[in-house]
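Chemist: Have a look at this fold, sequence not included:
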Ligand SMILES: O=c1ccn([C@@H]2O[C@H](COP(=O)(O)O)[C@@H](O)[C@H]2O)c(=O)[nH]1
């Protein structure tokens, strides 16, 4: 299935049935879906298989961050599950990312392998309390360069950093951006937020969108409205 749209819907549910019911209201020709920590911990690989059976490409967002050997094994397991994209934390360092990359060499259908830079829920004060004394943008720049030099396919960042990273890392480096909020919608726990049209203008490849779609009265219409705002 070729999906032209940049939207990845975050299926953050406590019950696999709820996630699959939401998937039934979405069109795999219009969106991809994301399985994160809560849903995967509840539903395991079966929920990913069920989404594949419904025709969706799946971003497995487990943000692996561990010693190189452990992360390599986890990334290989994700590839064996047939996911479209998987991620690690760039702050795990280059040896960890190189091991993850290496784990996919020769795989029949390797997923895109990307790394999280600075969570979109974090701002300067959050970095400061863990000993990082500079702006999120500077930390994102540093971790994106490490990710690119480790041979990964792209990063998770805020769309606020997309134009800078596009210039620094080139056109083939995937920019995957959560923290997307249509104008007027609640920011929730996100801090570095951007509207869909602005994200598009700043050059993102994929927009991860959860609550503005999954908690909308009509999720199908919410997707169509966002797509319309991008056309
Ligand atoms: O930096 C990051 C990395 C991942 N996420 C994930 O994206 C979605 C966003 O959901 P919303 O409901 O649209 O806020 C969520 O699953 C996060 O785990 C992120 O937000 N920021």
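Modeler: Alright, I've got the coordinates. Please read these numbers as outputs of a predicted model, since none were measured by experiment. Numbers count the residues shown, from 1 in each chain.

Chemist: A strand includes residue 8, no?
Modeler: Yes - judged by DSSP: H, G, I helix; E, B strand; the rest coil, residue 8 forms part of a strand.

Chemist: What number of residues are in the vicinity of residue 53?
Modeler: 9 (other CB atoms under 10 Å). (Each C-beta comes from the backbone N, C-alpha and C, glycine too.)

Chemist: scratch that, residue 32
Modeler: Neighbours of residue 32 using other CB under 10 Å come to 22.

Chemist: Pairing partners for it in the sheet, please.
Modeler: Legend: beta-bridge partners of residue 32 under DSSP bridges are residue 8.

Chemist: In this structure it contacts residue 55, no?
Modeler: No - taking CB atoms under 8 Å as the definition, residue 32 is not a contact partner of residue 55, at 10.6 Å.

Chemist: what sits against whichever residue of the chain sits closest to the ligand?
Modeler: In the chain, the residue that lies nearest the ligand is residue 210 (2.6 Å; CB to the nearest ligand atom). By CB atoms under 8 Å, 6 or more residues apart in numbering, the contact set of residue 210 is 9, 10, 11, 12, 34, 178.

Chemist: try residue 46
Modeler: So residue 46 contacts residue 16 (CB under 8 Å, 6+ apart).

Chemist: Surely it is in a helix?
Modeler: Yes - if the criterion is three-state DSSP, then residue 46 is within a helix.

Chemist: Start the count at 18 instead of 1 going forward.
Modeler: With 18 as the first residue, the last one maps to residue 63.

Chemist: gap between it and residue 232?
Modeler: The gap separating residue 63 from residue 232 is 25 Å, by CB to CB, to the nearest Å.

Chemist: Any stretches of this protein with poor pLDDT?
Modeler: The model of the chain has pLDDT under 70 over residues 18-19.
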